[in-house]
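Q: Sharing a sequence plus its predicted fold:
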Amino acid sequence: MKSLKKNSIILFIITVIVLVCVLKDDFFNIVDTLNHANLFWIFIALISFFIGIAFEARAYQEIIEEYQYQYSFRKSFKMLLITKFFNGITPFSSGGQPMQIYLLKKDGIRLTKATNIIIQNFIIYQAALVTYGLIAIGINYYFQFFEKVVLLKHLVMFGFFMNTLVMIGLIIVSFSSKFNHFMVEKGISLLAKLKLVKNKEEKLATWREKVDDFHEGAEYLKKNKMLCLRTFLYNMIYLTCNYGMPYFVFLALVNQSSLPSLPLTPLTAICSSAYVLIIGSFVPIPGASGGIEYGYLRFFGNFMGGTLLKASLLIWRTISYYIPMLIGAILFNTRLKEGENK
């Protein structure tokens, strides 16, 4: 809990710094633009974001139930909102998956099975993320949307490469039983030599059983190709809702009669969002704060500028980051209190 408070304080300080940087040169015009925003389109943006989370939750629910556990959509949806909180306050969004495993274990799912579920879902999510990144890179290669942001385009390629490596690594860990056994045996042998592990043979037997259990679960999921396809499509819909959401924010801030002449379209909004979030995936700050905002201003700055761009950033970041993180924090605290009362 101390680390949560520490990260929350760091996040608050970074947020204040980012807000000052965004607002300092155009504060009153930005506030006036926000005051005149069309609430209908902001509501649509919010709904789009949560519809995306609903599809992500459905993917989790189906994978969990494939392991012969009954798990409601409501529980899955709540778990993902709590995940948003832990991803949001930890560097590289590293706190989400451990918290998901913890929550599944609390709900009566064996630790090995819970780990299986989270890793298999993460592989499918990474496959969707890499696929979307590849589509966005291909579209930009053809249309040349971002000619003025060469450095960031290189960072996007680096982020895409890293996400691809993560996906390949997870596939190897999930489906290569020999590799897992080799790593476990070498790791425990090293720890035993360092006197950090006692009863080496007993530990080896325990971990060999866990590796076999883990591999069996991965193979079971691999054989169910329709489940993989469905959950892949759910994650693609989630990303589409997430990436397309800035377009609705844009609609909330502009005069509708001028839309035909404006350069931001659903396609350019989705490509820009994909690039921004690929960069954000390797910014080592809670919530990728600073890097995400900078990427948004640079990529979306190709299609809108000045007051409109900064106002849209504030609304987009509030909907996609601060609101779900706040809801997740409330749900997590509620869950803790329910556990204490049992």
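A: Right, received. Where do you want to start?
Q: ok, and what's touching stretch 190-210?
A: Contacting residues not belonging to stretch 190-210 are listed as 112, 181, 184, 185, 188, 189 [C-beta atoms under 8 Å, 6 or more residues apart in numbering]. Using the backbone N, CA and C atoms, a C-beta is placed for each residue, glycine as well.
Q: Out of those, flag the one nearest to residue 72.
A: Nearest to residue 72 among the contacts of stretch 190-210: residue 112, at 22.2 Å, using C-beta to C-beta.
Q: That closest one and residue 296: what is the separation?
A: 40 Å (C-beta to C-beta, to the nearest Å).
Q: Name the SS class of residue 37, please.
A: Secondary structure, DSSP: H, G, I helix; E, B strand; the rest coil: residue 37 is coil.
Q: Could you pull up the contacting residues of it?
A: Contact analysis of residue 37 by C-beta under 8 Å, 6+ apart lists 252, 253, 311, 315.
Q: Now for these: which two are most distant?
A: Across the contacts of residue 37, no pair lies farther apart than 252 and 311, at 9.2 Å, counting by C-beta to C-beta.
Q: which of those two has more neighbours?
A: residue 311 (27 against 22; other C-beta atoms under 10 Å).
Q: how close does the residue nearest to residue 42 when sequence neighbours are not counted get to residue 121?
A: Counting by C-beta to C-beta, 6 or more residues apart in numbering, the nearest residue to residue 42 once its immediate chain neighbours are dropped is residue 252, at 4.8 Å. Per C-beta to C-beta, residue 252 is found 33 Å from residue 121.
Q: Repeat that for residue 11.
A: Distance of residue 11 to residue 121, given as C-beta to C-beta: 26 Å.
Q: before we move on, what about residue 185?
A: 28 Å.
Q: neighbour-wise, which of these two wins?
A: residue 121 (21 against 15).
Q: Please, which helix or strand holds the more buried one?
A: Take DSSP states H and E as the rule and residue 121 turns out to sit in helix 111-143.
Q: and what of residue 198?
A: Applying DSSP H and E, one finds residue 198 in no helix or strand.
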